[in-house]
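Enquirer: Got a sequence here, can you model it:
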Amino acid sequence: MMQQHAAMQETVHWDAEDLILTDLVKTFHDGHGGTFNAVNHVSLTIPKGKIVTLLGPSGCGKTTTLRMVAGFEHPDAGEIYLGERKMNGVPAFDRNMPMVFQSYALFPHLTIFENVAYGLRVRKMPKEVITREVEAALQLVNLEKLSKRYPGEISGGQQQRVALARALVLKPKIILFDEPLSNLDAKLRVQTRMEIRRVQQRLRITSLYVTHDQSEALSLSDYIVVMNKGEIEQMGTPEEIYNHPNSLFVADFLGNANFIEATVAEVHEKEIGVRVQDQAIRIAANRAKEALRPGDSALLVIKPEAIRVSKNGGGFHGILRSKFFEGSQIEYEVEFEQKTIRAIHQNTEDADISFEPGESVSIHFNPVFFHLFKKPDSGQ
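Expert: Sure, this is the predicted structure:
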């Protein structure tokens, strides 16, 4: 797992640097005479050559953190280092940390070539250098054949790749991404995030990416930092964050987990027994995220894809309330224990999709995929 300030040593193809954030705080007025910490003592290292995503709901502090890194906001406390250079107090235009915005921010009256060349012209680079570097940047994003067109003549996904080329042409030590795919339709989002990942992996450029979209974060990132209320809830690889959430918030935010109420019946060194609907479930002790005692009220957390719904007997029972065919998968909503739980089946040749709303169905949980938390306020 990625640890705070534990940068990983990698061979990189770009002049990359670690980005180190130490105890960052940003305070704003709340409009009622008080203040609140939008970012509350955040510390982490973005290892050189890696792409790290700040993920969380609106208001969690991810964009404010990114803006402090960029120099658009000044931290009220804490330090920002790029390699050995302290960035506090360095103006945004001197940081060489270009940002790719969701709005593209292209000049509509300039060609694609001139948009990419703009930063180099501001730096008064020689004409031959500009031509060479712009052509190389456009090749990286597969847009060299569109260099004479204008932004309004290309798609949104292509415009975002122009914005990426404009950042790359400056040869920065880090690139910042502020929800760059939010304005694209679903198909273009997938295509463009694959393009961003391809370029980042090829160049091994350090990247800090902000999004609220979990699928975007999971597919793009080397590491994910989940934020909530200005603080870090959990950080690690996409697999660690998704498969081993360390809090109810993370479990719910990534994967829309189901929460099933249970009572702890017995606790052993390697196994915990719980009861749901008067049926016993045995769970490996390492799936419990906190200390539990017999009699505690608990929550079993399980992702929709780890639940099977069938017409066969056995297991638990519920009533199918809704069915959604989504092409590659089928999603079911089942009434269980006076709550609605979600199950997702892959649409394979042997998939049984004959269930109809109102039918009684069997629900099968695989304990291997359970996480066990103490129910909030239980025992207090």
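
Enquirer: shaky segments in the stretch 1-150 of the chain?
Expert: Low-confidence segments of the stretch 1-150 of the chain (pLDDT under 70): 1-15.

Enquirer: which helix in the chain runs the most residues?
Expert: Selection of the longest helix in the chain by residue count, based on DSSP state H, yields helix 186-203.

Enquirer: Not including adjacent chain positions, what is the nearest residue to His371?
Expert: Excluding its sequence neighbours, the residue lying closest to His371 (Cβ to Cβ, 6 or more residues apart in numbering) is Val301, at 4.3 Å. For glycine as for every other residue, the C-beta is placed from the backbone atoms N, C-alpha and C.

Enquirer: Relative to Ala285, how far out is that neighbour?
Expert: 16 Å (Cβ to Cβ, to the nearest Å).

Enquirer: now Leu181, what's its secondary structure?
Expert: Recorded secondary structure, Leu181: coil (DSSP: H, G, I helix; E, B strand; the rest coil).

Enquirer: per-residue confidence at it?
Expert: Leu181 is assigned a pLDDT of 91 by the prediction.

Enquirer: measure the closest residue to it other than its chain neighbours to Leu164 for me?
Expert: Among residues not flanking Leu181 along the chain, Arg189 sits closest, at 4.6 Å (Cβ to Cβ, 6+ apart). Distance, Arg189 to Leu164, using Cβ to Cβ: 14 Å.

Enquirer: now swap in Lys229 and tell me
Expert: For Lys229, the distance to Leu164 (Cβ to Cβ) stands at 31 Å.

Enquirer: of these two, who's got more company?
Expert: Between Lys229 and Leu164, counting by other Cβ atoms under 10 Å, Leu164 is the more crowded of the two (25 against 15).

Enquirer: Wait, the more buried one touches Leu138, no?
Expert: No: Leu164 lies out of contact with Leu138 (Cβ atoms under 8 Å); the separation is 10.3 Å.

Enquirer: Find the helix or strand that the residue nearest the centre of the chain is a member of.
Expert: The centre of the chain sits closest to Ala217, judged by Cα atoms, centre = their mean, with a distance of 3.0 Å. Following DSSP states H and E, one finds Ala217 within helix 214-220.

Enquirer: what distance separates the next helix or strand after that helix from the centre of its chain?
Expert: Counting by DSSP H and E, the next helix or strand C-terminal to helix 214-220 is strand 223-228. Between the mean C-alpha location of strand 223-228 and the chain-wide mean there is a distance of 7 Å, by Cα atoms, centre = their mean, to the nearest Å.

Enquirer: where along this structure do the helices fall?
Expert: Under DSSP H, the chain gives helices at 62-70, 112-122, 127-140, 156-168, 186-203, 214-220, 238-243, 248-253.

Enquirer: Dump the ones you listed into JSON lines; add distance to Ser43 as well.
Expert: Shown next, in JSON lines, are these (distance: least, Cβ to Cβ, whole Å):
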{"stretch": "helix 62-70", "distance to Ser43": "11"}
{"stretch": "helix 112-122", "distance to Ser43": "31"}
{"stretch": "helix 127-140", "distance to Ser43": "33"}
{"stretch": "helix 156-168", "distance to Ser43": "26"}
{"stretch": "helix 186-203", "distance to Ser43": "24"}
{"stretch": "helix 214-220", "distance to Ser43": "20"}
{"stretch": "helix 238-243", "distance to Ser43": "18"}
{"stretch": "helix 248-253", "distance to Ser43": "18"}
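
Enquirer: quick one: which of those is nearest Leu146?
Expert: When these are compared by Cβ to Cβ, helix 112-122 sits nearest Leu146, at 5.5 Å.

Enquirer: tell me the mean pLDDT for stretch 347-361?
Expert: Taken as a whole, stretch 347-361 has a mean pLDDT of 79.

Enquirer: Ends of that stretch, what's the gap?
Expert: 18 Å (Cα to Cα, to the nearest Å).

Enquirer: what bits of the stretch 151-300 of the chain have low per-residue confidence?
Expert: Applying pLDDT under 70 to the stretch 151-300 of the chain flags no residue at all.

Enquirer: try it again with 90
Expert: Low-confidence segments of the stretch 151-300 of the chain, defined by pLDDT under 90: 173, 182-189, 191-192, 252, 254-256, 277-279, 289-290.

Enquirer: ok, back up a step: tell me which residues of the longest helix of the chain are tucked away?
Expert: Leu188, Arg189, Val190, Gln191, Thr192, Arg193, Glu195, Ile196, Arg197, Val199, Gln200, Leu203 (16 or more other Cβ atoms under 10 Å).

Enquirer: residues contacting the fourth one?
Expert: Residues touching Gln191, when contacts are defined by Cβ atoms under 8 Å, 6 or more residues apart in numbering, comprise Gly157.

Enquirer: separation between it and Arg161?
Expert: Distance from Gln191 to Arg161, by Cβ to Cβ: 10 Å.

Enquirer: need the contact list for the nearest residue to Val25 once chain neighbours are set aside.
Expert: Counting by Cβ to Cβ, 6+ apart, Val25 lies nearest to Ala77, which is 4.0 Å off, once chain neighbours are set aside. Contact analysis of Ala77 by Cβ under 8 Å, 6+ apart lists Asp23, Leu24, Val25, His41.

Enquirer: ChimeraX command for the buried members of those?
Expert: Buried subset of those, written as a ChimeraX selection, criterion 16+ other Cβ under 10 Å:
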select :24,25
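
Enquirer: need the contacts of Ala77 in JSON lines with distance to Asp178, can you?
Expert: Shown next, in JSON lines, are the contacts of Ala77 (distance: Cβ to Cβ, whole Å):
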{"residue": "Asp23", "distance to Asp178": "23"}
{"residue": "Leu24", "distance to Asp178": "17"}
{"residue": "Val25", "distance to Asp178": "21"}
{"residue": "His41", "distance to Asp178": "22"}
